[in-house]
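Q: Give me a 3D structure for the following:
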Amino acid sequence: MFRRLPLLLGLFLPSLVVPAASAAEPLQPAIEWVAPDAVAVLEVANPKPLLDLALNPKLAEMVKGLPPYKEAVAQPQFQQFLMLVKYLETKLGGDWQSSLRKLLDGGVTIAAYPNGDAVTIIDAADAKILEQLHEVVLTIAKGEAAKKGQAEGIKSQEYQGVTGWTFGPGEAHAIIGKRLLLTNRRARLKSTVDLHGKPAESIAKLPAYRDATKAAGNAAVRTFVNVAMVKKNPGVEKALTENADPMAALLFAGVADALRGANWASAALQVDSGTLALKLTMDGQPADPKSPTAFTWPAGSDGALPNLDVPRRLAAMSLYRDLHAFYAAKDKLFPERTSGLIFFENMMGIFFTGRDLTEEIFAETKPDVRVIVASQAYDPAVGTPQIQLPAFAIVVRAKNPKQFGEVMEEAWQKAFGLINVTRGQKAEPGLILDKGQHADVRYTLSYFSSAGQKSKTGIDVRYNFRPTLARAGDCVVLSSTDGLANDIIDALKKEAAAQPKPAAQTHSVLQIDGAAVANILAANRAGMVQQNMVEKGHTQAQAETEIDVLVAVVRTLGQAEVTLGRDGGQPAATLKIKLNLP
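A: Predicted structure coming up:
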């Protein structure tokens, strides 16, 4: 029955016997048992809110309803695992949930070191539960080792009054009072024990750690990362110094810039009633206005505008990006022009009639770029495509709307003229250019003719697209459909009336509606199952299970928001997730 016990419990529950006097001594904070060369430290100071969420009955019911869980329940190994859980509950005198709470009551600290060493420190409610686990696990482990003729693999050794146990090469465990130490190397266990009573030699006295802890505040979970040490890795160093991809640089230059100037990073997680709030902070100085990456850092009260709210919205992103400064710095950002950038410049020269991209195109835009993705409401007169793709749009603000709008209109029509020529050469249907109007805004529309279309369901994927360019106020809207363009026009009018303020010092805001994304995934379930079968070689049942799990997970994530910018002069990022529990 306990055939897999070493695998299941060997890394989690082993411990040691220590002298009673040592167990009675008050223990110094767990962080003072972490050496200063740790590259990252995770501290769960208050496990209760995390356990409340993880053990939420609604979440448990949702997991039990997933196909993988139902399949696992039918497996002999799972039944053996349940029998093991029952056995432990009997020995510990309570259900596994309450035992888990007692085991983690005092918090958990996990440290990772550059050489691959790792230490986990668990502070239980009392020494009794650790002693009980020690007796149960040690007895079973010895029995299993004896059956395999490997009894010598379980050893104990005294070190500074502490008896440590190991279940095999490269791992060691110990209990000191109500504290459990788990390491992946025996030498690391010894060096951890050496820190007992020597707080001045621990990471707790490291200035970077103290600054990071202050930035994290009183959080349920906090993490410290020694960024200066991480940047010594050749791969990380190369990634931070090279800007090979212009699109990646445009989107993530602010993040890379913050990492380049940082020595430490801290993350603080708060959990409250199904809402997760994670804040990441780094040290560092404000961006140099002359830096090539200054295009992503707003000054003063400037920042990203609120995201536009439209019907059926899946995701929205608002960016503060000075496109003129970005493109003017291209020679510094990309000293060796990429093939993609060269192709882009050549095509733009055709569409914009040789106008200078830096001074005549990007210089005419304000540093506000917004992206909207929404599911579609299909025209019943045309039909519903077999694969339902979301609509998407980009909205930019212009300094001289009329002049800039006409330049964009000319380029737009040239682009779709070229598309039609290319499709015609392949004997594929072309786009019909037309004009439409919503409220008082006239726009340019392109669409595929539905003449001769016999069915209204399962039509070709091309009917997901009705490319539209609209000029509303000082904004130019480039949309994949006229329906989304109309919704954006309405949203822009509401925004103009409300006169919203930008989020000061915030350069990026991303919002995602998990339930809406799950709905569109469910609508495309059949196509996704087929794709899964082709790409991964799964059976239909396996593919259906994988897709259903994906949909369930995305739906549970609910509402998510990510913001990037500065807080108090330091680079900062926040992630908020409101879980959608049953």
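
Q: Pretty sure Leu130 sits against Leu180.
A: Yes. Between Leu130 and Leu180 there is a contact under CB atoms under 8 Å: 5.7 Å. C-betas here are computed from N, CA, C, even on glycine.

Q: CA atoms only: put stretch 561-581 into PDB for me.
A: Below are the C-alpha coordinates for stretch 561-581, written out as PDB (Å, rounded to 0.1, in the frame of the first residue of the first chain):
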ATOM      1  CA  GLU A 561      -5.300  43.600 -13.900                       C
ATOM      2  CA  VAL A 562      -1.600  44.300 -14.300                       C
ATOM      3  CA  THR A 563       0.000  47.800 -13.900                       C
ATOM      4  CA  LEU A 564       3.600  48.800 -14.500                       C
ATOM      5  CA  GLY A 565       5.300  52.000 -13.600                       C
ATOM      6  CA  ARG A 566       6.900  53.700 -10.600                       C
ATOM      7  CA  ASP A 567       5.800  54.100  -7.000                       C
ATOM      8  CA  GLY A 568       7.700  56.600  -4.900                       C
ATOM      9  CA  GLY A 569      10.400  56.900  -7.600                       C
ATOM     10  CA  GLN A 570      11.000  53.100  -7.600                       C
ATOM     11  CA  PRO A 571      10.000  50.700 -10.400                       C
ATOM     12  CA  ALA A 572       6.800  48.900  -9.400                       C
ATOM     13  CA  ALA A 573       4.300  46.400 -10.800                       C
ATOM     14  CA  THR A 574       1.000  45.200  -9.400                       C
ATOM     15  CA  LEU A 575      -1.200  42.200 -10.200                       C
ATOM     16  CA  LYS A 576      -4.700  41.900  -8.900                       C
ATOM     17  CA  ILE A 577      -6.800  38.800  -9.600                       C
ATOM     18  CA  LYS A 578     -10.400  38.500  -8.400                       C
ATOM     19  CA  LEU A 579     -11.100  34.800  -8.600                       C
ATOM     20  CA  ASN A 580     -14.300  33.600 -10.000                       C
ATOM     21  CA  LEU A 581     -15.100  30.700  -7.600                       C
END
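
Q: How far does it sit from its chain's centre?
A: Using CA atoms, centre = their mean, to the nearest Å, the mean C-alpha position of stretch 561-581 is found 11 Å from that of the whole chain.

Q: can you tell me the average pLDDT over it?
A: Average pLDDT, stretch 561-581: 91.

Q: Can we start the residue count at 478 from this point?
A: Happy to do that; since the first residue is 478 now, the last one works out to stretch 1038-1058.

Q: Could you list the buried residues of that stretch?
A: Residues of stretch 1038-1058 classed as buried under the neighbour-count rule (16 or more other CB atoms under 10 Å) are 1038-1043, 1047-1057.

Q: try stretch 990-1001
A: 990-991, 993-999, 1001.

Q: What of stretch 506-515?
A: Of the residues in stretch 506-515, 507-512, 515 count as buried by neighbour count, 16+ other CB under 10 Å.

Q: residue ranges with poor pLDDT in this protein?
A: Within the chain, the stretches falling below the threshold (pLDDT under 70) are 478-502, 645, 720-721, 762-764.

Q: Go through the protein and flag its longest helix.
A: Longest helix in the chain, counting residues (DSSP state H): helix 878-902.

Q: the inter-axis angle of the next helix or strand after that one versus helix 878-902?
A: Per DSSP states H and E, the first helix or strand lying C-terminal to helix 878-902 is strand 909-915. Following axes from the mean of the first three to the mean of the last three CA atoms, to 10 degrees, one obtains 140 degrees for the angle between strand 909-915 and helix 878-902.

Q: Show me what the helix or strand just after strand 909-915 is packed up against.
A: Secondary structure here is assigned by DSSP H and E; on that basis, the next helix or strand after strand 909-915 toward the C-terminus is strand 918-924. Applying 3 or more CB pairs under 8 Å, 6 or more residues apart in numbering; DSSP states H and E, one finds that strand 918-924 contacts helix 878-902, strand 909-915, strand 945-949, helix 959-975.

Q: Report the contact partners of Ile819.
A: The contact partners of Ile819, by CB atoms under 8 Å, 6 or more residues apart in numbering, come to none.

Q: What is the subsequent helix or strand relative to the strand or helix carrying it?
A: Using DSSP H and E, the secondary-structure element containing Ile819 is helix 816-828. Sequence-wise, the next helix or strand beyond helix 816-828 is strand 842-851, with elements assigned using DSSP H and E.

Q: could I have that following strand exported to PDB, CA atoms only?
A: Taking C-alpha atoms only, strand 842-851 is exported to PDB below (Å, rounded to 0.1, in the frame of the first residue of the first chain):
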ATOM      1  CA  THR A 842       1.200  61.000 -32.200                       C
ATOM      2  CA  LYS A 843       0.600  61.600 -28.500                       C
ATOM      3  CA  PRO A 844       2.200  59.100 -26.100                       C
ATOM      4  CA  ASP A 845      -1.100  57.200 -25.700                       C
ATOM      5  CA  VAL A 846      -1.600  53.800 -27.300                       C
ATOM      6  CA  ARG A 847      -4.600  51.600 -26.400                       C
ATOM      7  CA  VAL A 848      -5.400  48.000 -27.500                       C
ATOM      8  CA  ILE A 849      -8.800  46.400 -27.200                       C
ATOM      9  CA  VAL A 850      -9.800  42.800 -27.700                       C
ATOM     10  CA  ALA A 851     -13.500  41.800 -27.700                       C
END
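
Q: which other residues reach it?
A: 772, 775, 779, 781-782, 784-785, 787-801, 867-876, 881, 951, 961, 964-965.

Q: now do 7 Å
A: Defining contact as CB atoms under 7 Å, 6 or more residues apart in numbering, one finds that strand 842-851 is touched by 782, 784-785, 787, 789-801, 867-876, 961, 965.

Q: buried residues in it?
A: Across strand 842-851, burial judged by 16+ other CB under 10 Å covers 842-851.

Q: how many other residues sit next to the residue nearest to Ala858 when sequence neighbours are not counted?
A: Of all residues not flanking Ala858 in the chain, Ser927 sits nearest, at 7.4 Å (CB to CB, 6 or more residues apart in numbering). Counted with other CB atoms under 10 Å, the neighbours of Ser927 add up to 14.

Q: element containing Ser927, please.
A: Mapping Ser927 onto the secondary structure by DSSP H and E places it in no helix or strand at all.

Q: thinking it is in contact with Pro857, fair?
A: No. Counting by CB atoms under 7 Å, Pro857 is not a contact partner of Ser927; they are 11.1 Å apart.

Q: Now the helix holding Ile819: buried residues?
A: Within helix 816-828, the residues that count as buried by 16+ other CB under 10 Å are 818, 828.
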